[in-house]
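Chemist: can you look at this prediction? I've put the sequence above it.
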Amino acid sequence: MATVAAVASGVATATESPTDVEPALTTGSAAVGSLLALVAVAAAVHAAGPLSRPPTRRTVQVSALAGATPWLLRYVSPQPSGGRYLAIFAFTVLLVVSVVALAGPRAESRRHRYGHAAVAAIVAVTLPAMYLPLALLAIVLQIGEPFTELAANTPINTADEDVVLIALTIPIGLVLARILRDFTLDESAGAPGGKSGRQ
């Protein structure tokens, strides 16, 4: 759940209307992105369990940064741009790394720091590798049309694509959680009284 929420936070923060002229969407995207980021942090802390739970101070710091970043990104760059999308991508990668760090063992060894770098590299490759083909599949299947009709909204202009990109974060987040599972396991899990963290 933590990984799915982290990926969804980035997609929600980047959401734009087809016409790019809905000012309320800036506030909505920032609010939803912030809420999902906080859900990701809370889920990661819960997954860590009582034995591996991170210090309260660290949790508060990560929560504050994760919750504030979507607002900052949307209001510093209100119009869609390559720079903003790159910043949102970097935020998503760092949020997933934070989720893994919070859910994993508390050891601060060099090996675990290298592990965080490996997580960042895996996420940076996996996100576009999965997102792009899934987005193309969503366009081909036109998965957004039923949601548009259900909401009684005006059909999207034929020049644009009606897709629900937030739905793609579920398979992406689940696959990432499975790939990164080993990074959240405590080495003492096999020892008596040991406990493993889970995402």
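Modeler: Received the coordinates, thanks. Numbers count the residues shown, from 1 in each chain.
Chemist: I figured Gly33 hits Ala12, correct?
Modeler: Yes - judged on C-beta atoms under 8 Å, Gly33 makes contact with Ala12 at a distance of 4.3 Å. Using the backbone N, CA and C atoms, a C-beta is placed for each residue, glycine as well.
Chemist: give me the common contacts of those two.
Modeler: Shared contacts of Gly33 and Ala12, defined by C-beta atoms under 8 Å, 6 or more residues apart in numbering, comprise Pro70.
Chemist: could you check which of those two has the larger neighbour count?
Modeler: Using other C-beta atoms under 10 Å as the criterion, Gly33 and Ala12 rank with Gly33 on top: 29 against 24.
Chemist: residues in contact with that one?
Modeler: Ser9, Gly10, Ala12, Thr13, Pro70, Arg74.
Chemist: quick one: buried residues of whatever helix or strand the third one lives in?
Modeler: Taking DSSP states H and E as the criterion, the element that holds Ala12 is helix 2-14. By neighbour count, and taking 16 or more other C-beta atoms under 10 Å as the criterion, the buried residues in helix 2-14 are 2-14.
Chemist: quick one: the strands in this protein?
Modeler: For the chain, applying DSSP state E gives no strands.
Chemist: show me which helix runs longest in it.
Modeler: In the chain, ranked by residue count with DSSP state H as the criterion, the top helix is helix 110-141.
Chemist: so Tyr131 makes contact with Pro171?
Modeler: No - with contacts counted by C-beta under 8 Å, Tyr131 stays clear of Pro171, the gap being 10.0 Å.
Chemist: those two: which has the busier surroundings?
Modeler: Set Tyr131 next to Pro171 and count neighbours by other C-beta under 10 Å: Tyr131 wins out with 19 against 14.
Chemist: contact partners for that one?
Modeler: Leu168, Ile172.
Chemist: tell me the pLDDT of it.
Modeler: Listed pLDDT for Tyr131 reads 92.
Chemist: repeat for the one 3 residues further on
Modeler: Leu134 carries a pLDDT value of 91.
Chemist: what about it, distance to Val100?
Modeler: Going from Leu134 to Val100 by C-beta to C-beta, to the nearest Å gives 22 Å.
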